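1. my questions concern the predicted model and sequence given below.
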Amino acid sequence: MKYVQECLPELAKTIDEEFGPGTAEKTRPLSHTRHVRFLFQVNQLYKDPAQTQPFAVENILNTVSDFQNHGMVAQDYDLVAIVHAEGWPLILDNNATERHQTANPFQADMEDLLRRNIHVFFCLNTARKKNVRTLQVISGVRFVTSGVTAIADFQADDYRYIQP
């Protein structure tokens, strides 16, 4: 098995500086750095009890950061987030002409994901239950007929499922 020290000397130096000498020689790097497909299920609004962090967004950004540390570029990976159930406010556009009565406390975070070419899909079953219309959704968000079946469908297309 290869370790970061052998594969990524610059990253190894940073790891040793941050965590202590010898850490890099104990750290396994990614073995798949091309054609990687991840699927994140986003079915909660908040990550923490203090309700200050959006669910899953930090994990998605950490994934992108790790890929970049391994020399990967956007063409090397495809990241998808399926938003449904209690995660639904994350896709709302607070600046929409016809705003939804619920506010999105994390709109900037979601727009950041979209700018990074992360594909965000919103469940139409959830939209129906929460009375969300397409004009109330952040530009760039796409739709799936059902979040749960879309997860299975993406998995059948070789996406690796992540439940943050």
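-> Perfect, thanks for sending it.
2. report pLDDT for the residue nearest in space to the middle of the chain.
-> The centroid of the chain falls nearest to I60 when counting by Cα atoms, centre = their mean (3.2 Å). Model confidence at I60, given as pLDDT, is 95.
3. next, count neighbours for the closest residue to H119 other than its chain neighbours.
-> Excluding its sequence neighbours, the residue lying closest to H119 (Cβ to Cβ, 6 or more residues apart in numbering) is V80, at 4.7 Å. Just so you know, the C-beta spots here come from the backbone N, C-alpha and C atoms, and that holds for glycine as well. By the measure other Cβ atoms under 10 Å, the count of residues near V80 is 22.
4. then A156?
-> 8.
5. quick check, the residue nearest to H119 in contact with F154.
-> Yes - with contacts defined as Cβ atoms under 8 Å, V80 counts as touching F154 at a distance of 6.0 Å.
6. check the contact lists of these two and give me the overlap.
-> Residues touching both V80 and F154 (Cβ atoms under 8 Å, 6 or more residues apart in numbering): R37, L39.
7. related to what we said a few turns ago, tell me which helix or strand the residue nearest to H119 sits in.
-> Using DSSP states H and E, V80 sits within strand 77-83.
8. give me the element A96 is part of.
-> Here A96 is assigned to no helix or strand, by DSSP H and E.
9. residues contacting the closest residue to it other than its chain neighbours?
-> Computed as Cβ to Cβ, 6+ apart, the closest residue to A96 that is not its neighbour in sequence is Q136, at 4.9 Å. With contacts defined as Cβ under 8 Å, 6+ apart, Q136 is in contact with L92, D93, A96, E98, R99, H100.
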